[in-house]
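K.L.:
Kindly return the folded structure for what I paste below:
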Amino acid sequence: QVQLVESGGGSVQAGGSLRLSCALSGGTYNKYTVAWFRQAPGKEREFVAAITWDGSRTKYADSVKGRFTISRGEYERTVYLQMGSLRPEDTAAFYCAADLTRTLLRIDQRDYIYWGQGTQVTVSS
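P.N.:
Okay, the predicted model is just below:
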């Protein structure tokens, strides 16, 4: 069983930056692809970014490409989402999730087995 705990959410003005963290523990936490998803009020949860177990490859949604960066910390224990040039439409609850594969970068939330509890990001204009 892998546990994921997000942190770093908050309120920021448009154009600002935030860094989200996803701390992994339990099981073979460092052996999985990890992704960030987000869900805005009244909308479906959507893929944001994913990173392979060793950090060698990443994938981004078109809506965040060039503004967000996903990375893994030492020992692959933490996954970060550095968010820049934030827009009001980025307002959402952000979730990190682990996929049992190591090298696939999947964007369907149904492929992710373990989930964190979420952290709220609010961007004001």
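
K.L.:
what sits against residue 26?
P.N.:
Applying CB atoms under 8 Å, 6 or more residues apart in numbering to residue 26 gives the contacts 1-3. For glycine as for every other residue, the C-beta is placed from the backbone atoms N, C-alpha and C.

K.L.:
out of these, who's nearest residue 33?
P.N.:
Using CB to CB, residue 2 comes nearest to residue 33 of those, at 11.7 Å.

K.L.:
what's near enough to touch that closest one?
P.N.:
Contacts of residue 2 (CB under 8 Å, 6+ apart): 24-29, 32, 98, 113-114.

K.L.:
got the contacts of residue 26 as CSV, with distance to residue 63 and secondary structure columns?
P.N.:
CSV is the format used below for the contacts of residue 26 (distance: CB to CB, whole Å; DSSP: H, G, I helix; E, B strand; the rest coil):
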residue, distance to residue 63, secondary structure
1, 32, coil
2, 27, coil
3, 28, strand
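
K.L.:
now these as JSON lines including distance to residue 84 and pLDDT?
P.N.:
Shown next, in JSON lines, are the contacts of residue 26 (distance: CB to CB, whole Å; pLDDT from 0 to 100):
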{"residue": "1", "distance to residue 84": "34", "pLDDT": "83"}
{"residue": "2", "distance to residue 84": "28", "pLDDT": "88"}
{"residue": "3", "distance to residue 84": "28", "pLDDT": "93"}
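
K.L.:
For the spatially most central residue of the chain, give me phi and psi.
P.N.:
Taking CA atoms, centre = their mean as the criterion, residue 36 is the residue nearest the geometric centre of the chain, at 2.2 Å. Dihedral pair for residue 36: phi -110, psi 140, per degrees, to the nearest 10.
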